[in-house]
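A.B. asks: sharing a sequence plus its predicted fold:
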Amino acid sequence: MIDMSKRTCDKYSILCLTGSGLGDTCMAMPAIKHLSQRYSGLRIVLACANPLVANVAPWVDAVVDTGKTRCTPLHMMKMVRVIRDIRYFKPYHLAVSFTFHPIRQAYLMASGADHLLWTGDGLGYRGDVNNQLVNSTEHYDWYPPRQREDYVCIHPFTRQLQGHWDYWQRLIYDLGRISPVYLVGNSKKNVYSMCAKDLVNKTLLAEIFEIIARARLVVTADTGIMHIAIATNTPCVALFGRTAASLRIPKQGWVIPCYIPCESAEYFHRAGRKSHSNLPKISYEEVLKKCQSILRASQPS
C-alpha cells in the first residue's frame, strides 16, 4: 500500500524506516515526530510493516507498506515493489533507518537520499536509542491524552510458545469483579471470549489506540499492545519472557514489568525463537497484586 495523496514534485522528503513489529514503529514515533518539527518544510514518508499507524500520527505525510521482513525469494521479489514505492517520493533530503536489518539498509541505500542515518543494536530501551539517533527529547506518550473510563483492557495473546502464561482466564475473572474487562487485539485463536467483552479481531488499529487511551489499566505480554499503552500513557502491567524489560520499556512511565531474568535476555532486543523464557514462571499473585495496586490508585470519579 502506498499513499500518494500528498505528493508534490517540488518538495523534499524525509524517509523513516522502522522494523517489522508494531512495537518497533511505536518506539520510533517520538523520533519521527521530532524530525517533522525540526524539518517542518519537508514531507515525512514512513516505510513500515504497519502502515495503519500513520492514521494516528498526523505528522506522517505518506506511508509505504514494506510488509514483514523475511529473507526469502518471494520477499526479495517484493523488495523491488517497495523500492519503487519509496523512490516515488524522491528527492529525499534525509533517510533514517530505526532498525539494524540488512533489508532495511537496502531500502535506505536505494532511496538516493542526500544524507543517511541508521541505528546500531545498542543496549537500552530502543526508544532511547532512536531518540539519540536524531537528537530528540520527545516524550514517549505521543498519542493525545483522553479521559479515562472505568474498564480494563487485557491482551492475553502472543505469537510465541515461550510467551504462554497459564493464568489469563483467572486474571480476567478476578479483575472483572473490580472493573469491566475488554479483550483487545488480534488473534486466530481466542478462548477467552466468554469471560469479558470481546473486541478481538473487531477493531481497527486507530480504534485500539482510542480504546487503550481511555482504559484504567492494560495487561499484556511484551506485544504491540504494550507499546500502544506506552504511547497513550496508560497504566500497564506487562509480562516479559525472553527479553529483558529494560530493553522494551522506558525508565519513566506507567508500565510495571513482571519479569524473571533468564540467560542472554539482558543483551538481546529480540532473542531467538528457541531461546529460554521464564514467563510461564511468573506467579499469578504477583501480576494480580500489581493490577490491583494500579486500579486502587485510579479509582473512577
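C.D. replies: Here it is on my side, so go on.

A.B. asks: now do the end-to-end distance for stretch 112-125.
C.D. replies: This stretch, stretch 112-125, spans 30 Å end to end (C-alpha to C-alpha, to the nearest Å).

A.B. asks: residues in contact with that stretch: which ones?
C.D. replies: Residues lying outside stretch 112-125 but in contact with it, judged by C-beta atoms under 8 Å, 6 or more residues apart in numbering, are 15, 27, 87, 90-100, 104-105, 108-109, 129-130, 133-134, 246-251, 267, 269. The C-beta positions use only the backbone N, C-alpha and C, and glycine is treated the same way.

A.B. asks: look up how far Ile208 lies from the residue nearest to Phe157 when sequence neighbours are not counted.
C.D. replies: Among residues not flanking Phe157 along the chain, Ser187 sits closest, at 4.2 Å (C-beta to C-beta, 6 or more residues apart in numbering). Separation of Ser187 from Ile208 (C-beta to C-beta, to the nearest Å): 13 Å.

A.B. asks: quick one, helices of the stretch 51-200 of the chain?
C.D. replies: Ranges of helices in the stretch 51-200 of the chain, per DSSP state H, counting those that start in this stretch, are 73-87, 102-110, 126-133, 168-176.

A.B. asks: let me see the mean pLDDT of the last one.
C.D. replies: Predicted confidence along helix 168-176 averages 93 (mean pLDDT).

A.B. asks: which residues touch the residue nearest the centre of the chain?
C.D. replies: The C-alpha lying nearest the average C-alpha coordinate of the chain belongs to Gly23 (C-alpha atoms, centre = their mean; 1.8 Å). The contact partners of Gly23, by C-beta under 8 Å, 6+ apart, come to 222-224, 226-227, 248.

A.B. asks: from those residues, pick the one nearest Val200.
C.D. replies: Thr223 (13.0 Å; C-beta to C-beta).

A.B. asks: what number of residues lie near the closest one?
C.D. replies: For Thr223, the neighbour count with other C-beta atoms under 10 Å is 21.

A.B. asks: could you shift the numbering so residue one becomes 113, and keep it that way?
C.D. replies: From this message on, residue numbering opens at 113, which makes the last subject Thr335.

A.B. asks: turn the helices of the stretch 163-312 of the chain into TSV, including distance to Ala161.
C.D. replies: TSV is the format used below for those (distance: least, C-beta to C-beta, whole Å):
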stretch	distance to Ala161
helix 185-199	10
helix 214-222	10
helix 238-245	16
helix 280-288	26
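
A.B. asks: ranking those by burial, who's on top?
C.D. replies: Among the helices of the stretch 163-312 of the chain, helix 238-245 has the highest mean neighbour count (mean count of other C-beta atoms under 10 Å), at a mean of 21.

A.B. asks: which helices and strands sit right next to that helix?
C.D. replies: Here helix 238-245 touches helix 134-150, going by 3 or more C-beta pairs under 8 Å, 6 or more residues apart in numbering; DSSP states H and E.

A.B. asks: may I have the helix it packs on as PDB, with CA atoms only?
C.D. replies: Taking Å, rounded to 0.1, in the frame of the first residue of the first chain, the C-alpha atoms of helix 134-150 are listed here in PDB:
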ATOM      1  CA  LEU A 134       4.000  -2.700  15.600                       C
ATOM      2  CA  GLY A 135       6.200  -2.000  18.700                       C
ATOM      3  CA  ASP A 136       9.200  -1.100  16.500                       C
ATOM      4  CA  THR A 137       7.100   1.500  14.800                       C
ATOM      5  CA  CYS A 138       5.600   2.900  18.000                       C
ATOM      6  CA  MET A 139       9.100   3.200  19.600                       C
ATOM      7  CA  ALA A 140      10.300   5.200  16.600                       C
ATOM      8  CA  MET A 141       7.300   7.600  16.600                       C
ATOM      9  CA  PRO A 142       8.700  10.200  19.100                       C
ATOM     10  CA  ALA A 143      11.900  10.500  17.000                       C
ATOM     11  CA  ILE A 144       9.900  10.800  13.700                       C
ATOM     12  CA  LYS A 145       7.700  13.400  15.400                       C
ATOM     13  CA  HIS A 146      10.900  15.300  16.200                       C
ATOM     14  CA  LEU A 147      12.100  15.200  12.600                       C
ATOM     15  CA  SER A 148       8.700  16.500  11.400                       C
ATOM     16  CA  GLN A 149       9.000  19.500  13.800                       C
ATOM     17  CA  ARG A 150      12.700  20.200  13.100                       C
END
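
A.B. asks: and the angle from it to helix 238-245?
C.D. replies: On the basis of axes from the mean of the first three to the mean of the last three C-alpha atoms, to 10 degrees, helix 134-150 is oriented at 30 degrees to helix 238-245.

A.B. asks: list the buried residues in helix 134-150.
C.D. replies: Of the residues in helix 134-150, 134-148 count as buried by neighbour count, 16 or more other C-beta atoms under 10 Å.
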